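A.B. asks: Using only what follows, build the 3D model:
(chains A and B)
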Amino acid sequence: MSGTTSEVPDAAGALGSRRRRSAWDRAARGSVPYWLILPVAVAMVAILAYPLYQLIVISFQKYGLFELIRHAGTWIGLANYSSILHDPVFWNTVVRTIVFTIVNVGLTMLFGTLIALLLVRISTVMRILLTAGLMLVWAMPVVVAVQVWYWMTNFENGVLNYALTKLGVGDFFHHDWYVTPTSQLGMVTSLIVWGAIPFIVVAVYAGLAQVPDELVDAAEVDGARPWQVFLDVTFPVLKPIFLILTSLSIIWDFGVFTQPFLLIGESHVSTSNYLMGIYLYEEGYAKSDFGRGAAISVLMLLMVAGLSFFYVRKMWRTEDVA
Amino acid sequence: MSAASEIALTEHDPHAVDRKAVRSRRARRRRMGRTGWNLVAALVLVVMVFPVYWMIATAFKPTDDINGINPTWVPWHPTLQHFRDAMNHAYFWTDVKNSLIIVGFSVLLAIVLAFLAAIALAKYRFSGAKLFLLLIPLYVVLAKYHLTNTLTGVILVEMTFVLPFAIWMLRGFILGIPKELEEAAMVDGSSRVGAFFRILLPLVAPGLVATSVFVFITVWNEYIFANVLLSDQSKQTVTIWLSTFYGTSRNTDWGGLMAGATLTAIPVVIFFLIVQRKIAFGLTAGAVKG
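C.D. replies: Predicted coordinates:
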């Protein structure tokens, strides 16, 4: 796939291919590319490969503050892993994070797709306005959005409480959203979904352009209901995009840290509302038990890989059947 | 469906009249539907943009309006007091300076490295690693080299998530340049270096700008590593400054907080909106070509 663009100039014909070789191709025969890559290769090894190697090494070591000062851990084999796997907090957190991820990814994809479908059906002016609004939301830094959420949902005079009360949803006057874990994580979900929608809308909207109008028209003439048109005509075309977006969202939401950490507040995060990211931070960094933290990271890495793999395979399978 | 195919329908289909009726009824329903959908879109727009509006509106409102039980929807009596407060808040300018230093060096480093790599590795593929998971080892490694609590340490860490993406984006832009242009310059007797500066660089310039902006935004917004690595208040970044704004006081200065939030968001929003199309292009090009 990656070669597609670069081959376009060559499409003119096979004739004189040597003459049309670019300077960089010619340079490829020399040592130039190696010198070009060298700084990046060194940087990548230093900032990615080496830490990854360290991560795995430290996960088998007792590595606390003492070892941090001494710059060397003590080998303890699988002790970190076994202590984590015997910790009920870990398993509760895994289950909570999986449910949280499913809810967040589901809501993000649902609203994102609905808004993308809406964009096709509205007037040009409205489409430009809505797109501009979504871009504004997309541009909001996460830390800024957290503060705005905090202000909108504060229990003394949060505008959300006021609006819900006025709309007759219930009495939310002086309602504190940050008391129960469900409510806390619900607020985090609303923040994450709000922030993630624009990217999904833009990607799905771009994908909708690939759906042939003739097919949609034909299906409608044949009396298909709108949801049937979506399931049988639109969805199959969008499937590869959904695959990418869902995998990305799963990876992002499973390891989310900033939103729950700041919105729930460091003083309020507890074992009752831990997500994996927070668990890793609290157990590994905050308690300065880096060995345990590294082991949690490795386990998370495996889980994310597993989730993505399972999902991708499932999508492939259904594609084969269809 | 085009008019031609509609004619084809009328000629060959005994139920053509029925179909035509269905079609015009459908068209009418669509027109009426469009008004409905526009209303739905307006509602979606209001819900999505409201938080941003509320942030800016609050930042301009007098404190009495902010603290009232009933919300004041529009800042009828705008004031700049909260912006003055936020800017005078402890460490604001120090942290803006720190953020700019980190962002500046990160952009410079990432662009130089990524540009060199992107030229050479035009067909390679990178993907961002799950970087939060490297929190512990990065911390331990930086501690080993006494780089915790230094801006240098943060810049190095920023490279881990910025560099792969920058290479990916730049590569897309470089692939878009026709080889013939460079060829022509070479044939005309330019040296390789001359061809680079006169042909390649001007053409890649927009891509360089877009990638720089992407790096700028990512690094400016980064919170986790800056928070973990920079414990010294005088060395922190704007995102940390904002997240600790209300401190432990019971009466939160909402006006000041929202003014601070607005100030933090402004550079990002401006840059993002300028190169939004290019970034979307870079992201999707990477995703599709990958």
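
A.B. asks: Pop the domain breakdown of the chain in here.
C.D. replies: Let's take chain A. Domains of chain A are assigned by automatic domain parsing as A:18-79, A:81-321.

A.B. asks: other chain: chain B
C.D. replies: B:3-53, B:90-289.

A.B. asks: least reliable of the ones you listed going by mean pLDDT?
C.D. replies: When mean pLDDT is averaged over each of these, domain B:3-53 scores lowest at a mean of 71.

A.B. asks: coming back round to it: to residue B:195, which of the domains of chain A lies closest?
C.D. replies: Nearest to residue B:195 among these is domain A:18-79; the distance by CB to CB comes to 5.8 Å. The C-beta positions use only the backbone N, C-alpha and C, and glycine is treated the same way.

A.B. asks: And the average pLDDT for the closest one is what?
C.D. replies: Over the span of domain A:18-79, the pLDDT mean works out to 77.

A.B. asks: which residues of the stretch 1-150 of chain B fall in helices?
C.D. replies: For the stretch 1-150 of chain B, helices defined by DSSP state H, counting those that start in this stretch occupy the ranges B:3-12, B:16-60, B:63-67, B:81-88, B:92-120, B:135-144.

A.B. asks: okay, these in JSON lines with distance to residue B:255 next?
C.D. replies: Formatted as JSON lines, the entries for the helices of the stretch 1-150 of chain B read as follows, by distance: least, CB to CB, whole Å:
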{"stretch": "helix B:3-12", "distance to residue B:255": "60"}
{"stretch": "helix B:16-60", "distance to residue B:255": "6"}
{"stretch": "helix B:63-67", "distance to residue B:255": "5"}
{"stretch": "helix B:81-88", "distance to residue B:255": "4"}
{"stretch": "helix B:92-120", "distance to residue B:255": "15"}
{"stretch": "helix B:135-144", "distance to residue B:255": "34"}
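
A.B. asks: Comparing those, which comes out most buried?
C.D. replies: Between these, helix B:135-144 has the highest mean count of neighbours, a mean of 23, where neighbours are mean count of other CB atoms under 10 Å in any protein chain shown.

A.B. asks: Would you mind identifying the next helix or strand past it?
C.D. replies: For helix B:135-144, the following helix or strand on the C-terminal side (DSSP states H and E) is helix B:151-175.

A.B. asks: looking just at contacts, which helices and strands does that following helix meet?
C.D. replies: If contacts are counted by 3 or more CB pairs under 8 Å, 6 or more residues apart in numbering or on different chains; DSSP states H and E, helix B:151-175 sits against helix A:3-7, helix A:32-44, helix B:92-120, helix B:135-144, helix B:201-221, helix B:224-229, helix B:254-289.

A.B. asks: Need the mean per-residue confidence for the first one.
C.D. replies: For helix A:3-7, mean pLDDT is 36.

A.B. asks: remind me, longest helix of chain A?
C.D. replies: With DSSP state H setting the assignment, residue counts place helix A:88-121 as the longest helix in chain A.

A.B. asks: Work out the gap between that one and the centre of the chain.
C.D. replies: Using CA atoms, centre = their mean, to the nearest Å, we find the averaged C-alpha position of helix A:88-121 to lie 10 Å away from the chain's own average C-alpha position.

A.B. asks: Check whether the helix or strand following that helix comes near chain B.
C.D. replies: Tracing the chain past helix A:88-121, the next element assigned as helix or strand by DSSP H and E is helix A:124-139. Yes: shown here: helix A:124-139 in contact with chain B (CB under 8 Å from any CB of the partner chain) through A:126, A:127, A:129, A:130, A:133, A:134, A:135, A:136, A:137, A:138, A:139.

A.B. asks: quick check, distance from helix A:124-139 to the centre of its chain.
C.D. replies: Using CA atoms, centre = their mean, the offset of helix A:124-139 from its chain centre is 22 Å.
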